[in-house]
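# Sequence and predicted structure are below.
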Amino acid sequence: MVSVVIAALSGTASIGTAGLMDALNKADLAARLEAGPAVPARVFDVRLAGLECGAVACRDGVILQPSVGAGDVTAPDLVVVPGLDDELAASFGANRDWVPWLAKWHAGGARIASSCTGAFLVADAGLLDGRPATTHWLFADELRRRYPAVRVTADQMIVDNGDVITSGGATAFLNLVLYLVERFAGHDRANLAARVLLVDGHRASQLPYIAFGRERAHDDVIVHQVQQHIDSHLGEPLRIAELAASFGLSERTLSRRFAAATGRGPRAYIQHARVQYARRLLETAGDPVDQVRRRAGYSDPAAFRRVFKQATGMSPSGYRDAYGLRAD
């Protein structure tokens, strides 16, 4: 069996720890639930570990009782680090004592897997230096800032470096569970677990979930005005030179200020804004995809499909199927 240790982080949402442990155990039992006791034995021996042996307080009054203390864990095959709390700095500080244990277990041959912002503890242990990693898209920039040696790929749901695995945010721990089942027990068993758990385990990207509100978190008044103009005229031709002139700037100055304020140039922002508008229409309206395309300012259907898929990881029709209004 694969010996698995799940770190019981303090002060975090219980679903990230208890849900991960329950889902992994349930996935391991899936074959027996469907086919009966004659199926192969379990793959995972899962234990919840605390820094000490005592109870661990999660958020909102939930208490977890680890079965083992970190000091009594010897030679685990796999260590799973759940996500931290949304108040990242405080949660990181409260759980940073896990970092030496992660480094020690990894040095002893254990594979380390993190869910969501658990990647911050893994990175702090130095296990992601020079390597690609993912985390919840909301905290990807902070991971880059704190650990510049880590190659953060926030669009990815799972990044597997062999000995270290990171996964995307929040309930993406379910995808991590199915990935671990496939990694250690094979594709067929993972598919069976996905059917029993009613989980879509084939989401390779976080792109459909990423919201782009950060482009507004700046104090450049002119850029805000240009953004508002763009957002109000998405269905019309938008030329950078004309935009710049209408706001009393040169094209070069507008591009420079736009990039400094939003992290992307005006051309890229227009494309982004059009895709986000198309997403909202596909989620909330029943208009044909071609009409959505035109309202979002795209005259070329092929270009629209290409840009939309690049931004979201899905085709426009596939996105509507996944997130659009349901017929009664």
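Yep, that arrived.

# going forward, measure contacts and count neighbours with C-alpha atoms only.
Noted.

# so which strand or helix has the closest residue to Ser299 other than its chain neighbours?
Leaving aside its sequence neighbours, Ser299 sits nearest to Arg293 (CA to CA, 6 or more residues apart in numbering; 7.3 Å). Assignment of secondary structure by DSSP states H and E places Arg293 within helix 289-295.

# Okay, buried residues for that helix please.
Of the residues in helix 289-295, 289, 292-295 count as buried by neighbour count, 16 or more other CA atoms under 10 Å.

# tell me the mean pLDDT over that helix?
What helix 289-295 shows for mean pLDDT is 92.

# What are the buried residues along the helix or strand just after it?
Next along the chain after helix 289-295, taking DSSP H and E as the criterion, comes helix 301-312. By neighbour count with 16+ other CA under 10 Å, helix 301-312 contains the buried residues 304-305, 307-309, 311-312.

# Which of those sits closest to Asp219?
Taking CA to CA as the measure, Ala311 is the one of the buried residues of helix 301-312 closest to Asp219, at 26.0 Å.

# Tell me where the model's unsure across the stretch 151-300 of the chain.
Low-confidence segments of the stretch 151-300 of the chain, defined by pLDDT under 70: 169-172, 187, 200-217.

# quick one: the strands in the protein?
Assigned by DSSP state E, the strands in the chain fall at 2-7, 44-50, 56-57, 63-64, 68-69, 78-81, 111-115, 132-133, 151-152, 158-160, 164-167.

# strand partners of the second one, parallel vs antiparallel please.
Going back to what we said before, that points to strand 44-50. strand 2-7 (parallel), strand 68-69 (parallel) (DSSP bridges).

# OK, contacts around the closest residue to Asp163 other than its chain neighbours?
Nearest residue to Asp163, sequence neighbours excluded (CA to CA, 6+ apart): Arg111, at 4.6 Å. Residues near Arg111 by CA atoms under 8 Å, 6 or more residues apart in numbering: 77-79, 162-165.

# ok, now Ala75?
Each residue near Ala75 by CA under 8 Å, 6+ apart is listed here: 105, 108-110.

# cool, Gly83 as well?
Neighbouring residues of Gly83 by CA under 8 Å, 6+ apart: 12, 16-17, 114-119, 169-170.

# which of the contacts of Ala75 tops the neighbour count?
Ala110 (21 neighbours; other CA atoms under 10 Å).

# tell me the contacts of that one?
Counting by CA under 8 Å, 6+ apart, Ala110 makes contact with 75-79, 163.

# if you set the cut-off to 6 Å instead, what comes out?
76-78 (CA atoms under 6 Å, 6 or more residues apart in numbering).

# excluding its backbone neighbours, what's nearest it?
Leaving aside its sequence neighbours, Ala110 sits nearest to Asp77 (CA to CA, 6+ apart; 4.7 Å).

# what about that neighbour, how many neighbours?
Using other CA under 10 Å, Asp77 is surrounded by 19 other residues.

# That one touches Ser3, doesn't it?
Yes. Using CA atoms under 6 Å, Asp77 is in contact with Ser3, at 5.1 Å.

# Tell me how far the residue nearest to Ser299 lies from Arg264.
Distance, Arg293 to Arg264, by CA to CA, to the nearest Å: 23 Å.

# Identify, by residue count, the longest helix of this protein.
Secondary structure of the chain read by DSSP state H shows that its longest helix is helix 266-284.

# Pull the contacting residues for Ala27.
Ala193.

# returning to that earlier point: switch the contacts of Ala75 over to a markdown table; also include pLDDT.
Shown next, in a markdown table, are these (pLDDT from 0 to 100):
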| residue | pLDDT |
| --- | --- |
| Trp105 | 95 |
| Gly108 | 92 |
| Gly109 | 91 |
| Ala110 | 92 |
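
# just curious, which of the residues you listed is nearest to Leu197?
Nearest to Leu197 among these: Ala110, at 27.0 Å, using CA to CA.

# contacting residues for the residue located most distally from the centre of the chain?
If you look at how far each residue of the chain sits from its centre, by CA atoms, centre = their mean, the farthest one is Gly248, at 40.2 Å. By CA under 6 Å, 6+ apart, Gly248 lies in contact with nothing.

# can you tell me how far it sits from Val226?
Distance of Gly248 to Val226, given as CA to CA: 11 Å.

# and what of Phe184?
Computed as CA to CA, the Phe184 to Val226 distance reads 52 Å.

# higher neighbour count, those two?
Val226 (18 against 15).

# can you tell me which residues contact the residue nearest the centre of the chain?
Centroid-nearest residue in the chain: Gly168, 2.6 Å away (criterion: CA atoms, centre = their mean). When contacts are counted by CA under 6 Å, 6+ apart, Gly168 touches 116, 134-136, 157.

# I am finished for the moment; much appreciated.
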